[in-house]
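Undergrad: Give me a 3D structure for the following:
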Amino acid sequence: MENNPRLGSAVLVEKDGRFLLGKRNKKNAFGKWVIPGGKVRYGETIKQAAIREIKEETNLDIELVKYLGHEEIINLKGDYHT
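TA: Got it, this is the predicted structure:
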């Protein structure tokens, strides 16, 4: 595993007071409910990645309304998903 940072993007999708969650089907976090998101690709902005990930995972076209923040996670074990 490379020791390079990985940038991820996640989106809180809300409509009529309801929030979209997905159930993980991959090794890391298998079976857990999570908000949609994923890795930011080279040359892509966080906003572009967020829109692309929602489209890939849900086939929804979204408009980003508000930036809620970010978090830095330093995980030396490498046991996480983006």
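
Undergrad: can you list the weak-confidence ranges in this protein?
TA: Within the chain, the ranges that satisfy pLDDT under 70 run 1-3, 75-82.

Undergrad: Chain neighbours aside, what residue packs nearest to the most centrally placed residue in the chain?
TA: Closest to where the C-alpha atoms of the chain average out (Cα atoms, centre = their mean) is Gly37, at 1.8 Å. Spatial nearest neighbour of Gly37, chain neighbours left out: Ala10 (3.1 Å); criterion: Cβ to Cβ, 6 or more residues apart in numbering. Where you see a C-beta, it was placed from the backbone N, CA and C, and this is true even at glycine.

Undergrad: again with Lys47
TA: Leaving aside its sequence neighbours, Lys47 sits nearest to Leu64 (Cβ to Cβ, 6+ apart; 5.8 Å).

Undergrad: again with Lys32
TA: Arg24 (5.1 Å).

Undergrad: hang on, isn't that neighbour packed against Gly31?
TA: Yes - taking contacts as Cβ atoms under 8 Å, Arg24 lies within contact range of Gly31: 6.3 Å.

Undergrad: do you know how far Phe19 is from Gly69?
TA: Relative to Gly69, Phe19 is positioned 16 Å away (Cβ to Cβ, to the nearest Å).

Undergrad: Between Arg24 and Gly31, point out the one with more neighbours.
TA: Of the pair Arg24 and Gly31, Arg24 is the one with more neighbours under other Cβ atoms under 10 Å, namely 13 against 7.

Undergrad: who touches the more buried one in this structure?
TA: Taking Cβ atoms under 8 Å, 6 or more residues apart in numbering, we find Arg24 in contact with Phe30, Gly31, Lys32, Trp33, Val34, His81.

Undergrad: His70 versus the residue lying farthest from the centre of the chain, what's the distance?
TA: What lies farthest from the middle of the chain is Asp16; by Cα atoms, centre = their mean that is 21.5 Å. Asp16 is 27 Å from His70, where distance means Cβ to Cβ.

Undergrad: ok, now Leu12?
TA: Here Leu12 is placed at a distance of 13 Å from His70 (Cβ to Cβ).

Undergrad: between those two, which one's more packed in?
TA: Ranked by neighbour count (other Cβ under 10 Å), Leu12 and His70 place Leu12 first, with 14 against 10.
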